[in-house]
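In: Need coordinates for the following:
(one chain, ligands or ions: 2)
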Amino acid sequence: MGETTVDRRDERISMLSSIPFFTMHLLPFLAFFTGLRWWDALIFFVLYYVRMTALTAGYHRYFSHRTYKVNRLVQFLIAFTGGAAAQKGALWWAGHHRHHHKYSDMDEDIHSPTKRGFWWSHCGWILCRKYDATRFDLIPDFAKYPELRFINKFHLLPPILVGTATFFLGYALGGTASAWAALLFGFFGSTVLLYHVTFMINSLAHVFGNRRYATRDTSRNNLILSLLAGGEGWHNNHHHYMASANQAFRWWEIDTSFYLIKLASFVGLTWDVRKVPKHMMEKHLIRNGEADIGMFEKHWQNALLALENARSKTGEMYGERRKELDALIAATKAKVEEIARLASGPEPVGGDGAQ
Ligand SMILES: [Zn+2]
Ligand SMILES: [Zn+2]
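Out: Residues are numbered from 1 along each chain as shown. Ligands and ions are numbered 1, 2, ... in the order given. Next up is the predicted model:
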């Protein structure tokens, strides 16, 4: 690997295309002018929960990892409902997510807080035009469905339809002021919360929490995130074995998205629900002394950065000695990367989940 081969010169946040995103954060506050009624809280909660589940159980566990099967109509409904969260189409979302698993916390990872900083991993990459395109090369299994390509292309259609429906629902319940409150608070408010909860899985779930499994990345298990994001906070479990529909590997780990997938299987809406095999549950446990290569790499990188900062301050003072130091650092870095590669094995644990 050596030096990074990723070109980051064109990774700039586009101010123009970021306007809708930032404006949306202000819209719920306009509800101060319309006032709120009890049903606005209910609309907020239902829109949050239904769309969040479509993202976690649908965009993530179905489209990105194929952890269970559904029929073509349900597949489209999942894509539509997830699409209503205004996080682009399922093909776009899942394609980029597969890329994340392939290169977690490596130079190529688009949203690694270790490599690119917290805010970039949280929402910087979303606001960068470079990643606007769908990675059709990474999602050929679903890109073959024309209805999914259609909704992926016209990804604003579901949020516009659901937003309009929310407006009319508010109107039916209490007139004009209620209609605006339902739209501004109920729809836009829950959409903004959905953004940040989803983004936190990319940022916070790689920074805060516990690590049970030694993985090549910095993923964590975080109870609060799991409660907010329907079980997605068990992110270290997920990176350890991504081909499983359940991300909670212990009875006490709450995973509402999985409960729903399981419940749906009883009435035949989902089938072939994949679970983590028992032997994988006990593999690569840090408490058993497994070398935690993901964290080792992260700390090594921090140490290297500190070393490089210190070195740059010394200027040319040391002459030959500095050259020797440079060579030693480069050789050690290459060795560490080689160890990391060998330790993580030829394939990421759990496969790409796309089989
Ligand atoms: Zn995933
Ligand atoms: Zn991750």
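
In: which residues does S190 contact?
Out: Contacts of S190 were listed using C-beta atoms under 8 Å, 6 or more residues apart in numbering, and they are 43-45, 47-48, 51. For every residue, glycine as well, the C-beta is placed using N, CA and C.

In: Local confidence estimate at it?
Out: Here, the pLDDT recorded for S190 equals 97.

In: Helix or strand for it, just tell me which one.
Out: helix 190-202 (DSSP states H and E).

In: same deal with A165?
Out: Following DSSP H and E, the helix or strand that holds A165 is helix 157-181.

In: helices or strands next to that helix in the packing?
Out: Here helix 157-181 touches helix 31-34, helix 38-53, helix 72-83, going by 3 or more C-beta pairs under 8 Å, 6 or more residues apart in numbering; DSSP states H and E.

In: per-stretch mean pLDDT over those helices, give me the minimum one.
Out: Among these, helix 31-34 has the lowest mean pLDDT, at a mean of 92.

In: okay, it in PDB with CA atoms only?
Out: Presented in PDB, the C-alpha positions along helix 31-34 are these (Å, rounded to 0.1, in the frame of the first residue of the first chain):
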ATOM      1  CA  ALA A  31     -43.000  25.700  13.600                       C
ATOM      2  CA  PHE A  32     -42.600  28.400  16.300                       C
ATOM      3  CA  PHE A  33     -44.900  30.500  14.000                       C
ATOM      4  CA  THR A  34     -47.400  27.700  13.300                       C
END
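
In: For that helix, list every residue counted as buried.
Out: The neighbour-count check on helix 31-34 (16 or more other C-beta atoms under 10 Å) flags 31, 34 as buried.

In: chain center to it, what's the gap?
Out: From the chain centre to the centre of helix 31-34 is a distance of 33 Å (C-alpha atoms, centre = their mean, to the nearest Å).

In: Same question for stretch 150-170.
Out: Here the centre of stretch 150-170 is set off from its chain's centre by 23 Å, with C-alpha atoms, centre = their mean.

In: what's the answer for stretch 177-191, then?
Out: With C-alpha atoms, centre = their mean as the basis, stretch 177-191 stands 26 Å off its chain's centre.

In: go on, stretch 103-115?
Out: Mean-position distance between stretch 103-115 and its chain equals 12 Å (C-alpha atoms, centre = their mean).

In: Need the distance between the two termini of it.
Out: Criterion C-alpha to C-alpha, to the nearest Å; first-to-last residue distance in stretch 103-115 is 11 Å.

In: thinking again about what came up before, most surrounded residue in the contacts of S190?
Out: Counting by other C-beta atoms under 10 Å, R51 has the largest number of neighbours within the contacts of S190, with 27 neighbours.

In: What distance do you get for that one to Y171?
Out: Per C-beta to C-beta, to the nearest Å, R51 is found 21 Å from Y171.

In: for the protein, what helix or strand is lowest in average pLDDT?
Out: For the chain, using mean pLDDT, DSSP states H and E, the weakest element among its helices and strands is helix 320-343, scoring a mean of 76.

In: For that helix, C-alpha coordinates in PDB please.
Out: C-alpha atoms of helix 320-343 as PDB (Å, rounded to 0.1, in the frame of the first residue of the first chain):
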ATOM      1  CA  GLU A 320      22.100  12.300   7.300                       C
ATOM      2  CA  ARG A 321      20.600  11.300  10.600                       C
ATOM      3  CA  ARG A 322      17.200  12.600   9.400                       C
ATOM      4  CA  LYS A 323      17.500  10.600   6.200                       C
ATOM      5  CA  GLU A 324      18.100   7.500   8.200                       C
ATOM      6  CA  LEU A 325      15.100   8.300  10.300                       C
ATOM      7  CA  ASP A 326      12.900   8.800   7.200                       C
ATOM      8  CA  ALA A 327      14.000   5.400   5.800                       C
ATOM      9  CA  LEU A 328      13.400   3.700   9.100                       C
ATOM     10  CA  ILE A 329       9.900   5.200   9.400                       C
ATOM     11  CA  ALA A 330       9.000   4.200   5.800                       C
ATOM     12  CA  ALA A 331      10.300   0.700   6.300                       C
ATOM     13  CA  THR A 332       8.400   0.300   9.600                       C
ATOM     14  CA  LYS A 333       5.200   1.700   8.100                       C
ATOM     15  CA  ALA A 334       5.400  -0.800   5.200                       C
ATOM     16  CA  LYS A 335       6.000  -3.600   7.700                       C
ATOM     17  CA  VAL A 336       3.000  -2.600   9.800                       C
ATOM     18  CA  GLU A 337       0.800  -2.600   6.800                       C
ATOM     19  CA  GLU A 338       2.100  -6.000   5.700                       C
ATOM     20  CA  ILE A 339       1.300  -7.400   9.200                       C
ATOM     21  CA  ALA A 340      -2.100  -5.800   9.100                       C
ATOM     22  CA  ARG A 341      -2.800  -7.300   5.700                       C
ATOM     23  CA  LEU A 342      -1.700 -10.800   6.800                       C
ATOM     24  CA  ALA A 343      -3.500 -10.600  10.100                       C
END
